[in-house]
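In: This is a predicted model, with the sequence first.
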Amino acid sequence: LRDRKEDIEGLTDYFIAKYNSQLKLSVTGMDSECLDAFMNYPWPGNVRELENAIEGAMNLSIGESLLMRDSFPEYIFREAEKNFA
């Protein structure tokens, strides 16, 4: 994923739809802070890490939108900030 940043948004949408179906949720997407962090995170675990992050966030979700600071591990946000700076 670090070499194909353009795939992140589509994969994220795919995994949200997949886990909406499996978990019987109605998450519509994620906030712009999430997408910004995702685009700046190096994804050392590649697509599997992205999928695991989405699944975990959806298990914790309480609303229709996934929020960076409420739904995802802080290490993603911290690492993304380092890469953005």
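Out: Ah, there it is.
In: could you list every residue that touches M30?
Out: Going by CB atoms under 8 Å, 6 or more residues apart in numbering, M30 touches 12, 16, 57, 65-68, 71. Backbone N, C-alpha and C define where each C-beta goes, glycine included.
In: just those now: which is nearest Y41?
Out: For those, the closest approach to Y41 (CB to CB) belongs to M68, at 10.8 Å.
In: Can you read off the pLDDT for that closest one?
Out: Listed pLDDT for M68 reads 83.
In: ranges for the strands of the protein?
Out: Using DSSP state E, the strands assigned to the chain run over residues 29-30, 65-66.
In: Need those strands in JSON lines (columns: distance to P44).
Out: Formatted as JSON lines, the strands of the chain follow (distance: least, CB to CB, whole Å):
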{"stretch": "strand 29-30", "distance to P44": "21"}
{"stretch": "strand 65-66", "distance to P44": "21"}
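In: out of these, nearest to E81?
Out: Among the strands of the chain, strand 29-30 comes nearest to E81, with 17.0 Å by CB to CB.
In: Dump stretch 13-28 to PDB, keeping only the CA atoms.
Out: Written as PDB, here are the backbone C-alpha positions of stretch 13-28 (Å, rounded to 0.1, in the frame of the first residue of the first chain):
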ATOM      1  CA  ASP A  13     -14.800   1.500   1.100                       C
ATOM      2  CA  TYR A  14     -14.700  -2.200   0.200                       C
ATOM      3  CA  PHE A  15     -13.800  -3.300   3.700                       C
ATOM      4  CA  ILE A  16     -16.400  -1.100   5.300                       C
ATOM      5  CA  ALA A  17     -19.100  -2.700   3.000                       C
ATOM      6  CA  LYS A  18     -17.700  -6.200   3.800                       C
ATOM      7  CA  TYR A  19     -17.900  -5.700   7.600                       C
ATOM      8  CA  ASN A  20     -21.200  -3.800   7.400                       C
ATOM      9  CA  SER A  21     -22.600  -7.000   5.900                       C
ATOM     10  CA  GLN A  22     -20.800  -9.400   8.300                       C
ATOM     11  CA  LEU A  23     -21.400  -7.400  11.500                       C
ATOM     12  CA  LYS A  24     -24.900  -6.100  10.500                       C
ATOM     13  CA  LEU A  25     -23.800  -2.500  10.800                       C
ATOM     14  CA  SER A  26     -24.600   0.600   8.800                       C
ATOM     15  CA  VAL A  27     -21.300   2.500   8.800                       C
ATOM     16  CA  THR A  28     -21.300   5.000   5.900                       C
END
